[in-house]
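Colleague: Got a predicted structure plus its sequence, pasted below:
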Amino acid sequence: MLCAECDLLIQNKIIEEGSYLKCPRCGHVLYKQKYNTIIKSLALSITALICFYPAVTEPIMSLSMGGKEQHQNIIEGALVLLKEEHYIVAVLTFMCSLLIPLFRLLLLFYVTLSLSVNYFSPHLFWTFRLYHYMEEWGMLDVYMLGVIVSVVKLSSMAEIQFGFGFWMYAMLLICSIMANNELNHHEVWDRLLAKKKAFQ
Ligand SMILES: [Zn+2]
C-alpha cells in the first residue's frame, strides 16, 4: 500500500487487534486495527436496515401554512417530482436517497454476516467490490442536507416540524456511516482471501 502522506510504498501486514500500522518514514498512521470490527459493522448495518422502513414511510416533515397542513415522506416527495414532470430529478432522488443506500446496506450485511458465521462463497469478492463501487452513488447525507436547507428557507413562510421519518432517516444516516467507518477494509479483503485459500 501507499502512505497517504509521503507516498512510500509499504508491504501490507496483518496486525493484531488494538494496534496500528505506522509509516516508517513519516510516522503517519496507515490504519488502526480496532476490536471486533466485522461484528460491530454487522450490528450497525442491521440497525440501519431496521431504521430504513420508518425512514421511508413516515413523514419527513410537516408543513402548515395558512391553516393548511401537509405531511410527506420520501416516496411521496419523489412522486410529486414525477407529477411535475421533473423526471430525471425524481429518478435520481429515488435512486440516490433510497435504492442505492438500501442496496449497499444489504451488500454490507451479506459480507459481514458471511465473515461472522464463517461462510464463504466466491460471490463475496464482487459483492464487496460492488459495495465500494456504489459508494459515490449513495447520497443519504446530501438528501439530509437538502431537507435541512429547505427547512431553514421555508421557516420564515410556514410553520415546519420534523416528522418521525426525519429522525429515523438521521439514525439511518449515522448507522450507515458508522458501519462503513467501523469496517477495516484491508481486514475484509485479507479474510476473504484467507477463506478462499482454505476452501480451495
Ligand atoms: Zn509516510
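Modeller: It's in. Residues are numbered from 1 along each chain as shown.
Colleague: Tell me the secondary structure of residue 31, please.
Modeller: Here residue 31 is strand, with the state taken from DSSP: H, G, I helix; E, B strand; the rest coil.
Colleague: Roughly how far does it sit from residue 79?
Modeller: 43 Å (C-beta to C-beta, to the nearest Å). No exception for glycine: its C-beta is placed from N, CA and C like everyone else's.
Colleague: got the residues of the chain near the ion?
Modeller: Contact residues (C-beta under 5 Å from the ion) of the chain with the ion: 3, 5, 6, 8, 23, 25, 26, 28.
Colleague: Tell me where the model's unsure across this protein.
Modeller: Low-confidence segments of the chain (pLDDT under 70): none present.
Colleague: Skipping adjacent residues, who's closest to the residue positioned nearest the centre of the chain in space?
Modeller: Residue closest to the mean C-alpha point of the chain, counted by C-alpha atoms, centre = their mean, is residue 176 at 3.6 Å. Using C-beta to C-beta, 6 or more residues apart in numbering and skipping the chain neighbours, the partner closest in space to residue 176 is residue 48 (5.0 Å).
Colleague: helices and strands around the helix or strand harbouring residue 127, which ones?
Modeller: Element membership of residue 127 [criterion: DSSP states H and E] is helix 123-133. Applying 3 or more C-beta pairs under 8 Å, 6 or more residues apart in numbering; DSSP states H and E, we find helix 123-133 packed against helix 100-116, helix 185-199.
Colleague: No more questions from me, cheers.
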